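A.B. asks: Here's my sequence, what's the structure:
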Amino acid sequence: MTTSITDLLEARRSHLARLATSNGASGETSVLSVSENWIPRPKGQQSKNLRAALEESGIRIKPTAFDMISLPAGRTANFDSVEDLREVLPDMTFVEVKTATQDRVKAGFANFFFAFTENEISAAAQLGTRYKVALYNSRTKELVIASLPDIMARAGSTTWQVSIQLKPVSP
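C.D. replies: Residues are numbered from 1 along each chain as shown. The predicted structure follows:
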């Protein structure tokens, strides 16, 4: 059986959608303790309201493309109101948290290996300076906030992959 490249890319997208781990979720929770003015990604109807406000401004991102929203000090957002979100949207910075838990990760995040999903890359491209990556070391509590292009500029290597799960062999 021959598999087309399109089929491979679609399989990759499905795999990346499942990449979130409990360690990552734990890191997202603990980073809140060192980050003022950050709120977790809204869920349910509040997430739909946020995406509606974003789409009105020409931005279409997936809800899993970020973990946190940063607001300027003293600024609040009512996620129950699309109208309020329209007003506060220009002040929002969308933050993707990448959590380091390994001993091999050194100060400044040397030796940190992680992945960006297609959804995260798309959100960064659309939001520009309003999309940040927070590198968080859960052991040392070190936090570095940078743009995705700045992170890519520091990359010692990049590896693109397609993940495969084999099905049982038919008798």
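A.B. asks: Tell me where the protein is predicted with low confidence.
C.D. replies: Within the chain, the stretches with pLDDT under 70 are 1-35, 163.
A.B. asks: ok, 90 please
C.D. replies: Filtered on pLDDT under 90, the chain yields the residue ranges 1-37, 73-74, 115, 117-118, 156-165, 170-171.
A.B. asks: what are the ranges of the strands in the chain?
C.D. replies: Counting by DSSP state E, the chain has strands at residues 38-40, 68-70, 93-100, 131-137, 143-146.
A.B. asks: Tabulate those strands (JSON lines), appending distance to T158 and mean neighbour count.
C.D. replies: (Glycine included, C-beta is placed from N, CA and C.) Conversion of the strands of the chain to JSON lines gives the following (distance: least, CB to CB, whole Å; neighbours: other CB atoms under 10 Å):
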{"stretch": "strand 38-40", "distance to T158": "28", "mean neighbour count": "16"}
{"stretch": "strand 68-70", "distance to T158": "24", "mean neighbour count": "20"}
{"stretch": "strand 93-100", "distance to T158": "14", "mean neighbour count": "23"}
{"stretch": "strand 131-137", "distance to T158": "15", "mean neighbour count": "22"}
{"stretch": "strand 143-146", "distance to T158": "16", "mean neighbour count": "15"}
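A.B. asks: So for E118, which of those strands sits nearest?
C.D. replies: Proximity to E118, assessed across the strands of the chain by CB to CB, is greatest for strand 93-100 (12.7 Å).
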